[in-house]
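In: Any chance you could fold what I've pasted below:
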Amino acid sequence: MSEFSEVAKNSIVSNIEDIKQRLGLEDQVANVMQSNNDAQIKHKNCMEIQRIPRSCCIHPLNFIIYGAPGTGKTYNTAEYALAIINNREPDLLKKTDTERRKILSEYKKYIQKGQIVFTTFHQNYGYEEFIQGLRPDPDKDGISFKTVDGVFKKLADKAILDNDNNYVIIIDEINRANISKVFGELITLIEEDKRWGELNESCATLQSGDVFAVPNNLYIVGTMNSADKSISLIDAALRRRFSFIEQKPDESLIEDDVLKNVFCELNTRLVSELDSTDLLIGHSYFMNRKKEDLCKILNTSIIPLLYEYFYDNRKKVSNILAEAIKNTDVEIVDDKIGRLNVRNKG
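Out: Numbers count the residues shown, from 1 in each chain. The predicted structure is shown next:
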């Protein structure tokens, strides 16, 4: 194809400039370029910060509390967080209402101070929300973006400057997101010996130009429902960097003897049938309840869970249920149309 003449070239350039002016693209492009330039100027750098190795190693820096639904994983994160903040062992014994209120009052105090942060992972949770990403800048005209730090980076940047206090991020349902994608560079930086202040301290340069490190006073506490995904299915590289604490079903927390017997029989049968401790029933379904509540507990919470565990196998659900309630005043109702349910005899 022959080259354009000078007249044609000038005409094309003129038309392009006219279109840009009509659409207001000149200012928008300029804003984008200015936004990028601003971001390049304001880099954060951890290299000049000095920290010493941690001396109190009661808790692992990264750990996940896992267990069956209803075992109190999220409930206990407040106590774990306070134990980390105060450098003590966690007290997981049953608490009175007064004792629980005291724990939550102290927990909320540290949230307000910014030493504890709580977040929940989900399928759409990403690197941008956790570490850093670009967000539209509403303060500028046209198309403009700015770099925004995520919840973890904000906490890490605060913790690295504080040599006197511990910080905790609680990640509820940690296995519900694509963990490797969300953590990004943290896969390396969260290792205990690579935390900033330790012997092999490491840092990473983010896409914004910030030089980022995870300090050795920032603890990551995750919770994981073992019914959703077995530990063995978690990314091997990430699993190696976390300690795992099992939260087991605890019959001692159930006061009513009838409910306690049903609870124990259900879990005994489930372990026998499924040959797994991932799919059990937690004690919270039966706590602070009486035998008069048994039908409601089974119909609204336990039976739906059993159908999930047995992939809607009606016969297996019926067998487990029959064994669990055989010494109670409750019977199974099978109307052949809906799911199984129970009612009081007579």
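
In: Can you get me the start-to-end distance on stretch 321-338?
Out: Using C-alpha to C-alpha, to the nearest Å, the span of stretch 321-338 from its first residue to its last is 16 Å.

In: same check, this time on stretch 292-311
Out: 29 Å.

In: List the buried residues for it?
Out: Of the residues in stretch 292-311, those scored as buried under the neighbour-count criterion (16 or more other C-beta atoms under 10 Å) are 294-295, 297-299, 301-303, 305-307, 309-310. For every residue, glycine as well, the C-beta is placed using N, CA and C.

In: Okay, now the unreliable bits of this protein?
Out: Applying pLDDT under 70 to the chain flags the ranges 1-43, 229-233.

In: Pop the domain breakdown of it in here.
Out: What the record gives for the chain is the domain set 6-41, 62-246, 251-344, from automatic domain parsing.

In: possible to save these as TSV with distance to Ile49?
Out: Below are the domains of the chain laid out as TSV (distance: least, C-beta to C-beta, whole Å):
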stretch	distance to Ile49
domain 6-41	20
domain 62-246	6
domain 251-344	42
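
In: For Met47, which of those domains is the nearest?
Out: Checking the domains of the chain against Met47 by C-beta to C-beta gives domain 62-246 as the closest, at 5.9 Å.

In: what's the first-to-last distance across the closest one?
Out: 14 Å.

In: what about that domain, distance to the chain center?
Out: Taking C-alpha atoms, centre = their mean, to the nearest Å, one finds the center of domain 62-246 at 8 Å from the center of the full chain.

In: next one: stretch 293-312
Out: If you compare the mean C-alpha spot of stretch 293-312 with that of the full chain, they lie 26 Å apart, counting by C-alpha atoms, centre = their mean.

In: thinking again about what came up before, tabulate the buried residues of stretch 292-311 in TSV, adding columns for distance to Asn319 and secondary structure.
Out: Shown next, in TSV, are those (distance: C-beta to C-beta, whole Å; DSSP: H, G, I helix; E, B strand; the rest coil):
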residue	distance to Asn319	secondary structure
Leu294	18	helix
Cys295	19	helix
Ile297	19	helix
Leu298	15	helix
Asn299	18	helix
Ser301	19	helix
Ile302	14	helix
Ile303	13	helix
Leu305	15	helix
Leu306	10	helix
Tyr307	13	helix
Tyr309	13	helix
Phe310	9	coil
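
In: quick one: which of these is nearest Ile85?
Out: The shortest gap between Ile85 and any of the buried residues of stretch 292-311 belongs to Ser301, at 33.5 Å (C-beta to C-beta).

In: ok, now which ones touch the closest one?
Out: For Ser301, the contacting residues are Tyr285, by C-beta atoms under 8 Å, 6 or more residues apart in numbering.

In: swap in Ile160?
Out: Taking C-beta under 8 Å, 6+ apart as the test, what Ile160 contacts is 46, 49, 51, 196, 213, 215, 218.

In: Distance check, it against Ile116.
Out: Noted for Ile160: a distance of 16 Å to Ile116, by C-beta to C-beta, to the nearest Å.

In: ditto for Leu279
Out: Per C-beta to C-beta, Leu279 is found 31 Å from Ile116.

In: Can you give me the neighbour number for the closest residue to Tyr125 other than its chain neighbours?
Out: Excluding its sequence neighbours, the residue lying closest to Tyr125 (C-beta to C-beta, 6 or more residues apart in numbering) is Ala177, at 4.3 Å. Burial of Ala177, expressed as a neighbour count using other C-beta atoms under 10 Å, amounts to 20.

In: now the one 10 residues further on
Out: Using other C-beta under 10 Å, Ile187 is surrounded by 16 other residues.

In: thinking it is in contact with Ala237, fair?
Out: Yes: between Ile187 and Ala237 there is a contact under C-beta atoms under 8 Å: 5.8 Å.

In: picking up where we left off before, now the residue nearest to Tyr125, what are its backbone angles?
Out: Main-chain dihedrals, Ala177, degrees, to the nearest 10: phi -100, psi 170.
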